[in-house]
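Sharing a sequence plus its predicted fold:
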Amino acid sequence: MGKTENFETWLSGVTLEGNEDIYDLYNSVSNFEKSGKFYTSKEVTNDGYEYLVKAEGMEDSLHLDSDETKFSFINYLKTNYTDADESNIDVWSEMKKDLGRID
């Protein structure tokens, strides 16, 4: 199992099946826990923290080497995979769930 620090490369290998997977990935990284098919661990380093994001069915993990990199990834995810306003993916997720119930 390898590690990559490239968001785009890692995300291109992960199957994001709809809004729920996107939110689960965001939630996992934000709270360093298991959420859906994602698991994020947090390690203490001399300079702060680093994070390792794993996805079911994916051999490589995403290595986020600092809090700054973690927030950059969350912003990248929000910008490229959602239509969330500002940085509020929680509101975006609730809106998508509510819209799905109206059909």
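All right, it came through fine. Residues are numbered from 1 along each chain as shown.

make it CA atoms for all contacts and neighbour counts henceforth
Will do.

what's near enough to touch Phe32?
Counting by Cα atoms under 8 Å, 6 or more residues apart in numbering, Phe32 touches 39-42, 51.

er, Leu16 actually
Contacts of Leu16 by Cα under 8 Å, 6+ apart are Ile22.

got a pLDDT number for it?
In the prediction, the pLDDT value recorded for Leu16 is 88.

okay, the contacts of Phe32 in a markdown table with neighbour count and distance to Gly13 next?
Below are those laid out as a markdown table (neighbours: other Cα atoms under 10 Å; distance: Cα to Cα, whole Å):
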| residue | neighbour count | distance to Gly13 |
| --- | --- | --- |
| Tyr39 | 21 | 16 |
| Thr40 | 23 | 17 |
| Ser41 | 16 | 20 |
| Lys42 | 17 | 22 |
| Tyr51 | 21 | 18 |
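
Counting neighbours, what do you get for Glu68?
Residues contacting Glu68 under the criterion other Cα atoms under 10 Å number 12.

And the helices in this structure, which stretches?
Ranges of helices in the chain, per DSSP state H, are 7-13, 19-31, 67-81, 89-102.

about what we covered before: mind putting the contacts of Phe32 into TSV with pLDDT?
Listed next are these as TSV, based on pLDDT from 0 to 100:
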residue	pLDDT
Tyr39	97
Thr40	97
Ser41	96
Lys42	95
Tyr51	96
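
quick one: which of the residues you listed sit in strands?
In strands, defined here by DSSP state E, the members of the contacts of Phe32 are 39-42, 51.

ok, these vs Glu5, which is closest?
Nearest to Glu5 among these is Tyr51, at 10.5 Å by Cα to Cα.

Flag the shaky bits of this protein, pLDDT-wise.
Scanning the chain for pLDDT under 70 picks out the ranges 1, 84-87, 89-103.

Go again with 50.
Within the chain, the stretches with pLDDT under 50 are 101-103.

Of the helices of the chain, which is nearest Glu59?
Across those, closest to Glu59 is helix 7-13 (Cα to Cα), at 9.4 Å.

Thanks again, I'm all set now.
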